[in-house]
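predicted model follows, preceded by the sequence.
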Amino acid sequence: MSAENFLSINWSIMTPEFIILGVAALLIVFDLFMPKTLGRTILGWIGIAAIFAALMSVASMAGGPAQSILSNTFRIDGFSIAFNMLLLLGAALVMFIAVSYEAKDGLEKYQGEFYYLFLIAVSGGMLMTSSGDLVTLYIGLELLSVTSYIMAGMRKDHVQSNESAMKYVINGGISTAIILFGMSYAYGLTGTTNLLDIAQKLSTLSDANQAYLLGLAFLMLLVGLSFKLAAAPFHMWAPDVYQGAPTPVTAFLGVVSKTAGFVIVIRILLTVFGAAVTNGPGSAPIIINMQNYLAVIAGATMMIGNVVALRQTDIKRMFAYSSIAHAGYLLVALTTLSANMFYSIWFYLLAYLFMNLGAFAIIQVVTEKAGSTKITEFAGLYRRSPVLAVSMGILLISLAGFPGTAGFIGKLNIFIGAFYGTSHYLLAAIMIATTVVSYFYYFGVMTQMFFRPVADKSKLDIPFGIVIVLLVAVAGSILFGVAPNIAFNFMQNNLDIIGQFFK
Amino acid sequence: MNLHSILSILVFSPLAGIVVLAFVPKQAEKICKLVGVLFTLPALFLSLAIYFHYLAGKNLADFSVTHSWIQFRGFNVQEPVFSVAYELGINGFQLLLVVLTAVVATLSAIGAVRFVKKEWKGYFMLFLLLETGMLGVFTAENLILFFIFFEVTLIPTFFLIGKWGYFEKEKAAFSFLLYNGFGSAILLIVIMILFAKTGTTNIEMLRKIVADPSDPISGSLKLGLLISLLIAFGVKLPIFPLHSWMLRVHVQAPPSVVMIHSGILLKIGAYGLIRFGMGIFPEQFKMLATLIAVLGVMNLLCGAFLAFIQTDFKMVLAYSSISHMGIVLMGMAAMNQTGVQGAIFQVISHGLISALLFFIVGVLYERTDTSFIENLGGLAKGMPLAAGFLLAAGMASLGLPGMSGFVSEFMAFMGLFKTLPWLAAVGTIGIIMTAAYVLRAVLGMTFGQAHREFTGVFDLKGVEFIPVLVLVLLIVLIGVFPSVLSSPLHSALETILVGLGG
């Protein structure tokens, strides 16, 4: 590629990625040359600034036309802007949690490393969101996964943290391999890795044997991606990893990584298998034929997540199962494939981001002070710190999906989709029944916080970063619960997701 | 004042109390109590103002308010946007329930001044939130808004039971949450199916769409939806096999919360069945009328028989509530003017009577630390005033003529005798049983053998007279002048009965 060609590429649409990667590189250098005696928290704050700059940059692209560079491998469309905003917002909040995290168990020496690995992971997620090609998707996924493996094990003197990293590497590696295998079918049948080209070639497919092969590819990808989403029955790694990883990493895995997981699921499954037909042009696309498999996974995920969460005594494990359950709700939206699918998934992930990150911030404060992650550590929290207890209460109510909170509107969206057009009664019934089951464990934490006597009377200090996270999380949960139109209007007016997704 | 904003102010005025309470220090017991009681008053005055406004011949439709609120986007351009409006309104039926709610809420707040012994600030904040939820439930004009307010009542009630209740309070709170969560989950499914199929949740619009022969919902789906509604509200009412949570709540919750719970919250079930079940699906309701009547008689009889063998007066009252809700179901199932009117009368009347009874139970428990009939024997000597009012409340409960219970039971039975005479005949056994268990319990306490000395025990005093007198007065007023209820109900009943084709 000549220099002229190189410069003629419209690099400006990659500004957000460049900001994150550039600052990550800077942090590496700073970390190397800063005297060992200096605290590394400042690097975290620089990271936060970078994330905000990237967020601004992404937001400024909203409303524009779909653009792509590098032979369509990297694209900016309504979908990528919408989900990049979620990723960056989530990342910023996780970073606030991270700078408030008191490093111990061997993490002290690697605190600087932690911040820039984190930025690299975020850039991986962003790359996935904006990619229009199987190869870039895969690179983004690996960038995100590999950094996550390292971060999960960063408490080097902590047995559980090491165990968690080990499990994560093995499970993650296997699932990535399966994904790659699935992708290879799509490439093999079409001779291209570009998503839209694949879609176009497959839209005229009329050979039943090829459709059969694609069906296999679909299942392969579904299995691999289900690992990433921690959807049942491939969820077993999640509780162990969530429990062992340092709390900011848990928050990252639970929210940012999961958002990225849904991004790749939507990109691949919808573009490739939404276009691939089963029997000549105009026949039903493969994804409709495979809807039942999605439905089974969604149903099983909701049931297993919610029921097993009932039996947890560890707050982080409980939240791991809770996040499995929420992945199940999101899969319902994906399964029903209704016209409002993009919006309902986006809105649900936004609500999920607020309520989960807020909850993890509080979990970090409480469990770090107590030195244990038992749910009973929340006993009498209302006496020790009414602010934390009431915030946690609001976030739990949002997680349980009660009205007045963003969680409720998110579920409402999914429900409309489930009954609109073809009605998915069974799936909706499972979703609502398991939601009721979830009241039990969410309100179990409430019982601890509000009803039980306090064991440790000492006051809790709330670090500045946590205060910010809580303000944003609680305000967001209530604001988007009372006036969800703010988000809907923004989406409607600025982001043409459906119009640009398939072009 | 702009008439359109009155309902919003009415519904959300208790929230102002929460804001004020947030600035009151925790230890300031008196201020907390004062603020808590004071902020139930705006809703009370406004609801009474609307009532008298109506009596003066004005139109209740003047009060309705509509703002656009949520638009669920993302469907194709040519298809309608799914929108949910913020719309409050009031008709005669709703008006009565709003007044009932405001009255009982104020009286319960006064009760709480006596009965709540700790953390008044938290108590009153939750209590005021609960009041907003209840007022919203009865004024919401679309199903989503109704559902939102319905769920808003769940959370404060959970905490009020779980924190301020008696020995097994947490168990009671959880069983309340799960049963009601289950009920509202079914309700949500019904609402969302209606929403997705018709594109609206406005109750009036739904009534019209469903009545239209070309409506998009099949007959069997409608029947399914109505059965789901019956289960959803049946948990709340409660209908017989779904009642066990309600016993626990009645026994374990603090008396001031039970006043609300038994007086208002259970009534949401009846309100929902009449307004949505009967209002939106009249055809299907006809098909289920016999079943509902059978359920009603079952409630009446089982409740009455079980009340007869209880030793704890609270349990007697809990079963008596179930039994009285049976009469509501029977009145509804009659599907004629007299029957439905009787059902609504019973809703109001039982709301007042059970609030009164539970207030007295609260007073007795506060003085004697017991609510067992045997331990309270000889009450007439120790606490003559309380015993007297207890007797009056008991008489109202068993349906003594001249009190509200009689009017409502009489009408409900008369209605049912017109359509299903054999069931109504079986039901009359329940009336006899009611007299039996009420007299057994009340007389056992007032005139029964004294097992303890009532020395050092106060009788009713001070603010405690307000709830007792107000409630007795209202009960007698309805008993003597039933038109205070029937005149506002007239036009609301017409609308429902037109749907029923009668």
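Thanks, I have it.

what about stretch B:396-407, average pLDDT?
The average pLDDT for stretch B:396-407 rounds to 90.

now it: buried residues?
B:Ala396, B:Ser397, B:Leu398, B:Gly399, B:Leu400, B:Met403, B:Ser404, B:Gly405, B:Phe406, B:Val407 (16 or more other C-beta atoms under 10 Å in any protein chain shown). Bear in mind the C-beta positions are built from the backbone N, C-alpha and C, glycine included.

just stretch B:463-483 next, same as before
B:Glu464, B:Pro467, B:Val468, B:Val470, B:Leu471, B:Val472, B:Leu474, B:Ile475, B:Ile478, B:Gly479, B:Pro482.

so which residues on the stretch 401-503 of chain A come close to chain B?
Within the stretch 401-503 of chain A, the positions adjacent to chain B are A:402-404, A:408-409, A:412-413, A:415-416, A:418-420, A:423, A:428-429, A:432-433, A:435-436, A:439-440, A:443, A:446-447, A:450-451, A:484-485, A:488-489, A:491-492, A:498 by C-beta under 8 Å from any C-beta of the partner chain.

read off the pLDDT value for the residue nearest to A:Tyr382 when sequence neighbours are not counted.
Distance criterion C-beta to C-beta, 6 or more residues apart in numbering or on different chains; nearest residue to A:Tyr382, sequence neighbours excluded, is A:Ala389 at 4.0 Å. Looking at A:Ala389, its pLDDT is 91.

and what of the one 10 residues further on?
Model confidence at A:Leu399, given as pLDDT, is 93.

what do you get for B:Met1?
B:Met1 is given a pLDDT of 56.

quick check: residues of chain B near chain A?
So chain B meets chain A at B:69-76, B:79, B:82, B:144, B:147-149, B:151-152, B:154-155, B:158-159, B:162-163, B:169-170, B:174, B:177-178, B:181-182, B:185-186, B:188-189, B:192-193, B:195-197 (C-beta under 8 Å from any C-beta).

roughly how far apart are the closest residue in space to A:Met341 that isn't next to it in sequence and chain B?
Spatial nearest neighbour of A:Met341, excluding adjacent residues (C-beta to C-beta, 6+ apart): A:Ala333 at 5.5 Å. Remark: distance between A:Ala333 and chain B (C-beta to the nearest C-beta, to the nearest Å) = 11 Å.

what about A:Ala333, helix or strand, and which?
Assigned by DSSP states H and E, A:Ala333 belongs to helix A:315-336.

burial count for the closest residue to B:Gly362 other than its chain neighbours?
With C-beta to C-beta, 6+ apart as the criterion, B:Gly362 has its nearest non-adjacent residue at 2.8 Å, and that residue is B:Pro255. Using other C-beta atoms under 10 Å in any protein chain shown, B:Pro255 is surrounded by 27 other residues.

was I right about B:Pro255 contacting B:Lys117?
No: at 11.8 Å, B:Pro255 does not count as touching B:Lys117 under the criterion of C-beta atoms under 8 Å.

any idea how far B:Gly326 is from chain A?
For B:Gly326 relative to chain A (C-beta to the nearest C-beta), the value is 27 Å.

pLDDT weak spots in the chain?
In the absence of a named chain, this looks at chain A. Along chain A, the model assigns pLDDT under 70 to residues A:1-2, A:106.

try again with chain B
Ranges of chain B meeting pLDDT under 70: B:1, B:73-81, B:455-456, B:500-502.

what's the longest helix in it?
For chain B, the helix with the greatest residue count under DSSP state H is helix B:337-368.

next secondary structure element downstream of that one?
Per DSSP H and E, helix B:337-368 leads on to helix B:379-382 as the next helix or strand towards the C-terminus.

quick one: list the elements packing against that following helix.
When contacts are defined as 3 or more C-beta pairs under 8 Å, 6 or more residues apart in numbering or on different chains; DSSP states H and E, helix B:379-382 packs onto helix B:384-398, helix B:421-446.

how about B:Leu247, nearest residue that isn't a chain neighbour?
B:Ala318 (4.8 Å).

gap between the helix or strand that neighbour falls within and the chain center?
Per DSSP H and E: B:Ala318 is located in helix B:313-334. Averaging C-alpha positions (C-alpha atoms, centre = their mean, to the nearest Å) puts helix B:313-334 12 Å from its chain's average.

likewise for stretch A:257-272?
Worked out by C-alpha atoms, centre = their mean, stretch A:257-272 lies 10 Å from the chain centre.

name the SS class of B:Ile478, please.
helix (DSSP: H, G, I helix; E, B strand; the rest coil).

ok, now which ones touch it?
B:Phe345, B:Ile348, B:Ser349, B:Leu352, B:Met403, B:Ser404, B:Val407, B:Val484, B:Leu485 (C-beta atoms under 8 Å, 6 or more residues apart in numbering or on different chains).

swap in 6 Å and give it another go.
Neighbour list for B:Ile478: B:Ser404, B:Leu485 [criterion: C-beta atoms under 6 Å, 6 or more residues apart in numbering or on different chains].

still on that earlier bit, neighbours of the residue nearest to A:Met341, how many?
A:Ala333 - counted by other C-beta under 10 Å - has 29 other residues nearby.

quick one: it from A:Asn485, how far?
19 Å (C-beta to C-beta, to the nearest Å).

what about the strands in chain B?
B:65-72, B:82-88 (DSSP state E).

would you mind finding the most buried of those?
With neighbours defined as mean count of other C-beta atoms under 10 Å in any protein chain shown, the strands of chain B peak in mean count at strand B:82-88, which reaches a mean of 20.

by proximity to chain B, which residue of the stretch 101-250 of chain A wins?
Here the residue of the stretch 101-250 of chain A nearest chain B is A:Thr129; by C-beta to the nearest C-beta that distance is 18.9 Å.

that residue touches A:Met85, doesn't it?
No: using C-beta atoms under 6 Å, A:Thr129 is not in contact with A:Met85, being 9.6 Å away.

who has more neighbours out of the two?
Counted by other C-beta under 10 Å, A:Thr129 and A:Met85 do not tie: A:Thr129 has more neighbours, with 29 against 22.

I'd say A:Met183 and A:Asp133 touch.
No: between A:Met183 and A:Asp133 there is no contact under C-beta under 6 Å: 10.5 Å.

if we can go back for a sec, buried among the residues of the stretch 401-503 of chain A next to chain B? Need that as a selection in ChimeraX.
Here is the ChimeraX selection string for the buried members of those, based on 16+ other C-beta under 10 Å:
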select /A:402,403,404,408,409,412,413,415,416,418,419,420,423,428,432,433,435,436,439,440,443,446,447,450,451,484,485,488,491,492,498
